[in-house]
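A.B. asks: sequence-free structure coming up:
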């Protein structure tokens, strides 16, 4: 019987690729719930094709618009975070793909875990902002949390059948993004269009800018720390421009395991949705003879200070990663809107981190309050 | 309590490196038996240091010489294949490292399996000549057979926690050996000294010549076929000059897993001896930033016909792999003795394979008879 699946963020880049996986594997996966932010047209097409049991939209106006569409006839269209939680906790769902962008994904993902659903996690912010809380719930409920990020999927795959006590280092690979060879002076002039030209991956805008600043890798360090229970000091970043080796694990005996594949998100999405099962899907094969050579370099934290900021936030802990993440979301949006320069992104984050008071052992409400306060502060600083 | 270990071939390259591992990990491993071919001096040193319960020498004269040495006082020195079997089946042994060179390793390795010992297998010929028989015994006795070859250790490590039914391809990496860039004409002139200059690995002479002809990779295809129950047509070879990626497994979903490390046999030896445990040993760490780039190329079966001969032998099956292996041993020895040219090695093997009758479903006695007959034929053809 196909595994019943809810997709949070079905009209985004990960959501749409997840539906390609479902389409290719109808015997393995069946969509029972779809949640989108505000793209009514795309969600209507998805409803028509996949016939879920329930749908929700984060945006209330969009939800209202959807209620008037033919495709939504007969559906009780849920709205907002509560609506997303209703769909994420559908009794018939067994697995929830958490792929909403930003901190909005936190509540419905936690709700899914608390009702015993396995979670395929694409939303980094869930673990960055509230890793301690989320992992506590995952352990308490005994659910599976399988990462969708290609890097964490690689680490997760390399750790299969291994004793996690023997992990010496996690090595996250980074393409380096579009600006890997740019000087500090050139980075000051980087445009939005240039930042959105990712060399290897097709992804949403927010994460593509995060790749250009290397904040994406910083967030991944924090995510890996929570997912695999490894200290931040034992998580390294290696620039690997080809994005073929997705990440590596070094063990106590100095053996290293790596996971490789073409840069195609459908592979880690499928792995997370079907875990522990592997089957032929729609990710293309990887021919190493075609690549001919794979390269490795040290990242430059001078030119890409977001990496250092993320390590600092992780080491301070408490609400600091949530603050950093919130400031980054505000700064990236401001950059995308043309209101700040590319190099202002780390400056704004650093200033927000300096000015916020940190709660060392927050509960969820305190994490969310820190997130809101950091957003307010970052927005104020810009105006 | 340290795991009680017998080493078959303790004075050879693998045996000596295994003893380095034992020396570094006295809480993990304890030597209870040592078997050597004919190097009395080295075995005496090993007896003095490791104080095994029992020792044997394959060569009867060497055994006689050992009996007169002070270090062997109080030992009942066993001799020949029967002596090796006695030590390999010591009641107090739990694991046997099979590292004798050539077909001589077959009997004592089988004896160890039949008495329920776990086997760390460095002797390729055991599986090449008698894979069907050995694997039948491994399954019947429920023992662990863990490969020591760096390539098969890599595959074995990558398969941990994975369903073997989902393996799509095994990809064995090859350094290419010292002659990877030589033309056919240059190969005709290759000297013994040149063939023994392996770029990456320190190994015995026989296997170093096998690396230069790529027969080593051919033997590894057959070994991998038996170890992992994968058809020969799904086992590929990739030239990877740096010998950092030791091999790769491609799964049904097109995900690839690889194992990496510095080219140092102590790592796979330790892994095989301690399996499933990993702990800090004496293999150095691998810093990918130092390597900077890893390269991949297709092997050239025109210049290195041994690769094709091995595939043919594996596909014909029965006694053919044993015949090919025997002809290769004779030819390599003749090359090392200066009696034939480097490029005569594949010619002699091909001629032996053409002239021998093949038994399709041999028992052990028929495998050994094929081995002897092929050696006689190969030797005749030379004179």
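C.D. replies: Structure received. Just so it is clear, the model here is predicted, and its values are computed rather than measured. Numbering: from 1, shown residues only, chains lettered A, B, ... in the order given.
A.B. asks: run through who's touching the worst-scoring helix or strand of chain A on mean pLDDT.
C.D. replies: Across the helices and strands of chain A, mean pLDDT, DSSP states H and E gives its lowest value to helix A:288-291, namely a mean of 84. Contact partners of helix A:288-291, identified using C-beta atoms under 8 Å, 6 or more residues apart in numbering or on different chains, comprise A:242, A:244, A:260, B:171, B:238, B:248, B:296, B:297, B:298. To be clear about C-beta, it is placed using only N, CA and C from the backbone, and glycine gets the same treatment.
A.B. asks: swap in stretch A:71-89?
C.D. replies: With C-beta under 8 Å, 6+ apart as the criterion, stretch A:71-89 contacts A:6, A:8, A:33-35, A:44-45, A:47-48, A:54-60, A:63-64, A:66-67, A:96, A:100, A:104, A:107-109, A:111-112, A:114-115, A:117.
A.B. asks: so which strand or helix has the residue in chain A that chain B sits nearest to?
C.D. replies: With distances taken as C-beta to the nearest C-beta, chain A approaches chain B most closely at residue A:161, which sits 2.3 Å away. Remark: residue A:161 resides in no helix or strand, with elements defined by DSSP states H and E.
A.B. asks: on that earlier part again, identify those among the contacts of stretch A:71-89 that sit within helices.
C.D. replies: Counting by DSSP state H, the part of the contacts of stretch A:71-89 found in helices is A:44-45, A:47-48, A:60, A:63-64, A:66-67, A:107-109, A:111-112, A:114.
A.B. asks: by pLDDT, give me the weakest of these.
C.D. replies: The member of these with the lowest pLDDT is residue A:107, at 93.
A.B. asks: how about the contacts made by that residue?
C.D. replies: Per C-beta under 8 Å, 6+ apart, neighbours of residue A:107: A:81, A:84, A:85.
A.B. asks: turn those residues into CSV, including pLDDT and neighbour count.
C.D. replies: What follows is these, written out as CSV (pLDDT from 0 to 100; neighbours: other C-beta atoms under 10 Å in any protein chain shown):
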residue, pLDDT, neighbour count
A:81, 95, 18
A:84, 98, 29
A:85, 98, 21
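A.B. asks: between those residues, which sits nearest residue A:22?
C.D. replies: Residue A:22 has its nearest neighbour among those in residue A:84, at 19.1 Å by C-beta to C-beta.
A.B. asks: doesn't that closest one belong to a helix?
C.D. replies: Yes - under DSSP: H, G, I helix; E, B strand; the rest coil, residue A:84 sits within a helix.
A.B. asks: near chain B, which residues of the stretch 101-250 of chain A?
C.D. replies: Applying C-beta under 8 Å from any C-beta of the partner chain, we find that the stretch 101-250 of chain A lies next to chain B at A:157-163, A:166, A:171, A:238, A:245, A:248, A:250.
A.B. asks: which of those residues fall within strands?
C.D. replies: For those, the ones inside strands are A:171, A:238, A:245, A:248, A:250, with DSSP state E as the criterion.
A.B. asks: out of those, which end up buried?
C.D. replies: A:171, A:238, A:245, A:248, A:250 (16 or more other C-beta atoms under 10 Å in any protein chain shown).
A.B. asks: so what's the first one up against?
C.D. replies: Contacts for residue A:171 were tallied using C-beta under 8 Å, 6+ apart; they are A:235, A:236, A:237, A:238, A:247, A:248, A:249, A:250, A:256, B:288.
A.B. asks: at 10 Å what do you get?
C.D. replies: Going by C-beta atoms under 10 Å, 6 or more residues apart in numbering or on different chains, residue A:171 touches A:151, A:154-155, A:224, A:234-238, A:240, A:245, A:247-250, A:256, A:258, A:296, B:288.
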